[in-house]
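Novice: Quick check, what structure comes out for this input:
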Amino acid sequence: MIIKNIESNVSGEREVCHECDLNVVIPSLRVNQKAVCPRCGYLLSAKRANSLERILALSITALIFLLASTLFDFISFKSSGLENNIKMLDSVGILIDSGYTALAIIELVTVFFIPAFVLLSLIYLLSFLINGRYPRKGHRLMEIIFKLIPWNMVEIFLVGTLVSLIKIISLADIILGPSFFAFILFSVSMTAALLHIDRRYLFQALDSRYTENTKASTSVKQGEPAVNESLVHHVDPSLSIQKTWALIITSILLYIPANTLPIMNTRLLGQDDPSTIIGGVILLWHHGSYPIAMVIFVASIMVPIAKILVLIWLNYSVQTNSMKLEHQRIILYRIAEFVGRWSMIDIFVVIILASLVQLGNTMSIVPGAATFAFSGVVVVTMLAAMSFEPKLIYNYKSAYENRSTS
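Specialist: Got it, this is the predicted structure:
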């Protein structure tokens, strides 16, 4: 059940919508009930049965599968009597040895370090909360978790791996190792754990445990609030708009070399065959791999362009204090924020192919200069979406007045 008509006279906890800044009161929710903002439709809270226990179990499961995915062979590649077996972390070493340290860092951080940190942090926090205790620095750690979640790209790496295998399956024999299946289970478990997370409920649990474990006469320690902090924060419209414009312009400048320079170079029997993003799409289409060609075209061509255009329109609309199409703009913002990270599929495809196809002069694949530019496009557009303040769509004037009178 979804509760939409949240009135100010209903008894409950007062909250501020993260996206439109509307002050609402959320009533006590029953299991499987959701509360959404009556103005912008943002999901304010969702109550699920045994959510803390479920998140803890899924986090432990995901961490076990993550460890298993690094211990055994991930993929084996056989061609012309030559064979190459790689483990998950072997790709990082191959990229570093080949001089592509930046790509190795991208893979290591987004596929291993951030997911592992998030899972370990959730296990630590939930173990304390379920036992009725307050974890040290719990609020700060929870904030860090929510800042890192958008940079977790486990499921995108998995899709990129599947795409890369389909691209080379006609050239060689591919054998999937035990770690490949462990990584699939890791991706599923972690995605399920993150889907069960409700920010409001977790912070309420932290507040409750802190209050229970702190005597009434004891002063609140700095950085450890005893009550849920308000989500209200004064927005500087001009600063937010200028920062977003700067990131949009940077992404446009990076997008040009990302699509004109080779993103991948295939070396076959001593001859080089560089390929751009659009060139790879056309080649896949000509070979009859229509679904894969469409996936790469949408993720690497359409999504970045669409996201840049949407951010330009959104930023311009709030800069001009437009009050038109508010609901449509907030929906477009959510879509742009969600799909932007999926453009990393093409980068992960290159990383997998460059790690797997290393057979000397017979056949090898190396990343092209466009991989760095395109990685920059994805990262910068994600930062642009994060820097944009969606609440300015609804209350630019009030936010500006708050800043002026403060």
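
Novice: Would you mark the buried spots in the longest helix along the chain?
Specialist: Counting by DSSP state H, the longest helix found in the chain is helix 237-260. The neighbour-count check on helix 237-260 (16 or more other Cβ atoms under 10 Å) flags 237, 240-241, 243-245, 247-248, 250-252, 254-255, 258-259 as buried. All C-beta atoms are positioned from the backbone trio N, CA, C, and that covers glycine.

Novice: in stretch 276-295, what's buried?
Specialist: 276, 277, 280, 281, 284, 289, 292, 293, 295.

Novice: Mind picking the lowest-pLDDT entry from those residues?
Specialist: Lowest pLDDT within these is found at residue 289 (72).

Novice: Enumerate every residue touching it.
Specialist: 166, 167 (Cβ atoms under 8 Å, 6 or more residues apart in numbering).

Novice: sec struct for the most centrally placed residue in the chain, please.
Specialist: What sits nearest the mean C-alpha location of the chain, by Cα atoms, centre = their mean, is residue 150, with 2.9 Å. Assigned by DSSP: H, G, I helix; E, B strand; the rest coil, the conformation of residue 150 is helix.

Novice: that older thread, return the item of the buried residues of helix 237-260 having minimum pLDDT.
Specialist: residue 237 (75).

Novice: Surely that one is in contact with residue 392?
Specialist: Yes - Residue 237 lies in contact with residue 392 (Cβ atoms under 8 Å); the separation is 5.8 Å.

Novice: Switch the buried residues of stretch 276-295 over to TSV; also include distance to residue 197 and secondary structure.
Specialist: Below are the buried residues of stretch 276-295 laid out as TSV (distance: Cβ to Cβ, whole Å; DSSP: H, G, I helix; E, B strand; the rest coil):
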residue	distance to residue 197	secondary structure
276	39	coil
277	34	helix
280	36	helix
281	36	helix
284	36	helix
289	36	coil
292	32	helix
293	35	helix
295	28	helix
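
Novice: Quickly name whichever of those is closest to residue 102.
Specialist: Set against residue 102, the nearest of these by Cβ to Cβ is residue 277 (18.0 Å).

Novice: Quick check: the gap between the closest one and residue 349.
Specialist: Residue 277 sits at a distance of 10 Å from residue 349 (criterion: Cβ to Cβ, to the nearest Å).

Novice: shared neighbours of the two, which are they?
Specialist: Joint contacts of residue 277 and residue 349 (Cβ under 8 Å, 6+ apart) are residue 296.

Novice: coming back round to it: what helices or strands is the longest helix of the chain leaning on?
Specialist: Identification of packing neighbours for helix 237-260 by 3 or more Cβ pairs under 8 Å, 6 or more residues apart in numbering; DSSP states H and E yields helix 277-286, helix 303-319, helix 370-387, helix 392-405.

Novice: and those, which is most packed in?
Specialist: helix 370-387 (a mean of 22; mean count of other Cβ atoms under 10 Å).

Novice: that older thread, make TSV out of the buried residues of stretch 276-295 and add distance to residue 32.
Specialist: Shown next, in TSV, are those (distance: Cβ to Cβ, whole Å):
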residue	distance to residue 32
276	49
277	43
280	45
281	43
284	43
289	42
292	38
293	41
295	34
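
Novice: okay, residue 117: pLDDT?
Specialist: With respect to pLDDT, residue 117 has a value of 97.

Novice: Can we start the residue count at 32 from this point?
Specialist: Shifting the count to begin at 32 puts that one at residue 148.

Novice: who's in contact with the nearest residue to it once chain neighbours are set aside?
Specialist: Spatial nearest neighbour of residue 148, chain neighbours left out: residue 179 (6.7 Å); criterion: Cβ to Cβ, 6 or more residues apart in numbering. Residue 179 sits next to 145, 148, 149 when contact means Cβ under 8 Å, 6+ apart.

Novice: tell me which element the second one is part of?
Specialist: Taking DSSP states H and E as the definition, one finds residue 148 inside helix 145-161.

Novice: Equivalent analysis for residue 192, please.
Specialist: Residue 192 belongs to helix 185-199 when assigned by DSSP H and E.

Novice: Now the next helix or strand after that helix: buried residues?
Specialist: Next helix or strand after helix 185-199 toward the C-terminus (DSSP H and E): strand 204-207. Applying a neighbour-count criterion of 16+ other Cβ under 10 Å, one finds residue 205 buried in strand 204-207.

Novice: From the contact counts, what lies against strand 204-207?
Specialist: Using 3+ Cβ pairs under 8 Å, 6+ apart as the contact test, the elements touching strand 204-207 are strand 104-110.

Novice: what comes up buried for the strand it packs on?
Specialist: 104, 105, 106, 107, 108, 110.

Novice: Equivalent analysis for stretch 44-63, please.
Specialist: Those would be 46, 47, 48, 49, 50, 51, 52, 53, 55, 57, 60, for stretch 44-63 by 16+ other Cβ under 10 Å.

Novice: cool, stretch 178-187 as well?
Specialist: Buried residues in stretch 178-187, counted by 16+ other Cβ under 10 Å: 179, 183, 184, 185, 186, 187.

Novice: which of those residues lies closest to residue 236?
Specialist: residue 179 (19.5 Å).

Novice: roughly how far apart are the closest one and residue 144?
Specialist: 9 Å.

Novice: Likewise for residue 207?
Specialist: In terms of Cβ to Cβ, residue 207 sits 25 Å off from residue 144.
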